[in-house]
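Peer 1: sequence first, predicted model second:
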Amino acid sequence: MGKTGNDPILQDEEKRPSKKSLRDVTKDTLEIIPYIMKSLEEAGEAPRYSVLYNDRRDSCWPLDKKSPYFPRVHTDVRVVLEDSLDAAVSLGNVHQLLGSHDTTPVCILNFANQTHIGGGFYSGSLAQEEDICRRSTLIDTLHPHYYPMKDDECIYSPSVFVFRENARKADHKIMWIDDVSLLPEVSVISMAAECRPALNSRRDDYAKSSSRHTMLQKMRFTLRVAGNNYHRRLILGAIGCGVFGHPPKVVAQLWAEVLSENEFEGWFETIVFAVWDPKPPHKNFLAFSEVLSGHKLWEYQNSEDSSDSSSMDSSEDESEDLAQDYEEDEDAMKAKDAMDTEMPDVEDSAVEGSEESEGPESSGESEVSEVSEEA
């Protein structure tokens, strides 16, 4: 399933599609999606739509180990040099071959644009969100009334169907379009990272603790939405580590910190960090490989009389701790809002230049604003 943290780095730069060709693919995608949705409906497999979650207790509760749906599984973590959709399809295929009983789709974290549907999907940009929207039915689930998303909101799309190959291997070739039942199905959580947080003088860490708190809370929120919707296999990644300017090693360390928290112990079977970063110096892929490749989370005990019973007994104390963390994060976000007035606005042209220099999908998130530059 793609190159892992132990494999050689790709040396050859891929050919980048032109903006015009990407706009043509976008137009074709918008024409194909209604056919797919109609065919699914006629086959009695009409997909559910999407849900806007907010990070409050009345919308998305912390994961509860007393739940009858708590799976009590070991968690395997890996880092691959692959795009999110390919990683998700590969992971789904592997589980089918192994005869897995988990029929819930693989869940992908989409590094979303906070204000524009699909980011630069319409204008011909190429980052992770745009790639997912061109190759699947995701754009059909991102409804205008969800935007702009607030800092504590995300969009959950339970049923997204993949119908295109990627650009670099198959030039966005259509797959199995005559039989929609063969299309791979994934779920998607669309979450926006903070745009251009202030960094320290070395630009390798956040300058403000509020940025760290915000990212930690977004990561916890992602895992809670996935866990509460019964997902056991996740495709995560280097959220914010492209044009949004987050430090990749710190983001990887924050993922490791959150995944090691007791709340998330035993909930996820496989977590893949898909980091498509083919251009030297491969800073995102190398940072995530160093921190997370083969990361040991928990040796979860599956027997009822094992040590996990002690963690069950302490769940009430943990809930109080979670509530305290929640309040601290809320305070931090309020403090962040007050300090954000010091930050200058990011010009569209600067963002466009950064997105172009990073290469396909390595930017980690879609553009800050939608542009219509001719190729």
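Peer 2: Yep, it's here.
Peer 1: quick one: contacts for the residue nearest the centre of the chain?
Peer 2: Central residue check for the chain by CA atoms, centre = their mean: the C-alpha nearest the mean position is that of Leu109, 1.7 Å away. Taking CB atoms under 8 Å, 6 or more residues apart in numbering, we find Leu109 in contact with 84, 188-189, 191, 222, 234-237, 239. Where C-beta positions appear, they are placed from N, C-alpha and C, glycine not excepted.
Peer 1: can I assume it sits in a strand?
Peer 2: Yes: judged by DSSP: H, G, I helix; E, B strand; the rest coil, Leu109 forms part of a strand.
Peer 1: identify the bridge partners of it.
Peer 2: Ile189 (DSSP bridges).
Peer 1: tell me which of the contacts of Leu109 fall in strands.
Peer 2: Secondary structure from DSSP state E places 188-189, 191, 234-236 of the contacts of Leu109 in strands.
Peer 1: give the buried subset of those residues as a ChimeraX selection command.
Peer 2: Those of the ones in strands among the contacts of Leu109 that count as buried under 16 or more other CB atoms under 10 Å are selected in ChimeraX with:
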select :188,189,191,234,235,236
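Peer 1: and the ones in strands among the contacts of Leu109 as JSON lines, adding pLDDT and distance to Met175?
Peer 2: Formatted as JSON lines, the ones in strands among the contacts of Leu109 follow (pLDDT from 0 to 100; distance: CB to CB, whole Å):
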{"residue": "Val188", "pLDDT": "99", "distance to Met175": "18"}
{"residue": "Ile189", "pLDDT": "99", "distance to Met175": "23"}
{"residue": "Met191", "pLDDT": "98", "distance to Met175": "27"}
{"residue": "Leu234", "pLDDT": "98", "distance to Met175": "23"}
{"residue": "Ile235", "pLDDT": "99", "distance to Met175": "18"}
{"residue": "Leu236", "pLDDT": "99", "distance to Met175": "24"}
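Peer 1: now the ones in strands among the contacts of Leu109 as a markdown table including distance to Ile32?
Peer 2: Formatted as a markdown table, these follow (distance: CB to CB, whole Å):
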| residue | distance to Ile32 |
| --- | --- |
| Val188 | 18 |
| Ile189 | 24 |
| Met191 | 26 |
| Leu234 | 27 |
| Ile235 | 23 |
| Leu236 | 28 |
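Peer 1: nearest to Leu199 among the ones in strands among the contacts of Leu109?
Peer 2: Using CB to CB, Met191 comes nearest to Leu199 of these, at 20.7 Å.
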